[in-house]
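# can't give you the sequence, but here's the structure:
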């Protein structure tokens, strides 16, 4: 019988828990750790927040080690940028959705009815708690296998050179690489009261005859939207 069996509060059928263990590539010697990792604080006093704290550090160390080994050409700053974008909530949510982790979470009635099993913060926290649980169950090497089993396929689908960079930075780097003058940004219109303004901004690259516009609740956001539109017009393969 699989060690991945609930032995405290029955919430997830054994068959389903075995599926999750198979996806993780880890069978728990201490199944109570798996159960704790999937328990939200709205469900029981013994919830996953302490495991989340541990898993956050375990994840950061594993990702840092992997990036250091896999990308020897990258600088410390570039490695830091990649790490911060791989351990952030958005990435963890993508991994959680691939595992259909929301189906396994134990939530209080209020959280369950309000769709907590889909809430990004809850999914991301549960992923970190799972990593912490694997670490406590069988050590760093097994935790590393679980994390990389999920993360490496994800990395294969993204461009690590652009991961985490905003549109203005991407556009600037592209133009500098081609020795093309940098774009200019100018406010086209401003609407609304001082505390609820909206901005429309133009991004102009005269040498390429490109002029795009973006809108946002701040000038910075509008500039980013305009830069994104200009960047897409350039038809860069990794946009």
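Thanks, I have it. Everything numeric in this text was worked out from a predicted model, so none of it was measured.
# Surely residue 83 is in contact with residue 62?
No. Taking C-beta atoms under 8 Å as the definition, residue 83 is not a contact partner of residue 62, at 10.1 Å. Any C-beta I mention is one placed from the backbone N, CA and C, and that applies to glycine too.
# Report the mean confidence score over stretch 119-131.
Here stretch 119-131 scores 95 as its mean pLDDT.
# Strands of the protein, start to end?
184-191, 198-205, 210-216 (DSSP state E).
# related to what we said a few turns ago, can you pick out the residue with more neighbours from residue 83 and residue 62?
residue 62 (22 against 19; other C-beta atoms under 10 Å).
# mind listing what the more buried one touches?
Shown in contact with residue 62 (C-beta atoms under 8 Å, 6 or more residues apart in numbering): 131, 140, 143-144, 147-148.
# Same question for residue 52.
Residue 52 touches 125-126, 128-129, 132, counting by C-beta under 8 Å, 6+ apart.
# which residues touch the spatially most central residue of the chain?
Nearest to the geometric centre of the chain sits residue 91, at 1.7 Å (C-alpha atoms, centre = their mean). By C-beta under 8 Å, 6+ apart, the residues touching residue 91 are 85, 154.
# Show me this protein divided up by domain.
The chain breaks down into these domains under automatic domain parsing: 14-155, 167-233.
# Looking at those, which one is packed in the most?
Greatest average neighbour count among those goes to domain 14-155 (a mean of 18), per mean count of other C-beta atoms under 10 Å.
# How far off centre is that domain?
Relative to the chain's own centre, domain 14-155 is displaced by 11 Å; criterion: C-alpha atoms, centre = their mean, to the nearest Å.
# In this structure, where is pLDDT below threshold?
Regions of the chain meeting the criterion pLDDT under 70 cover residues 1-16, 160-164, 235-239.
# redo that, cut-off 80
Per-residue confidence for the chain (pLDDT under 80) gives these ranges: 1-17, 157-165, 192-196, 235-239.
# which helix is the longest one in it?
helix 49-70 (DSSP state H).
# Now do stretch 168-186: distance to the chain's middle.
On C-alpha atoms, centre = their mean, the centre of stretch 168-186 falls 27 Å from the chain's centre.
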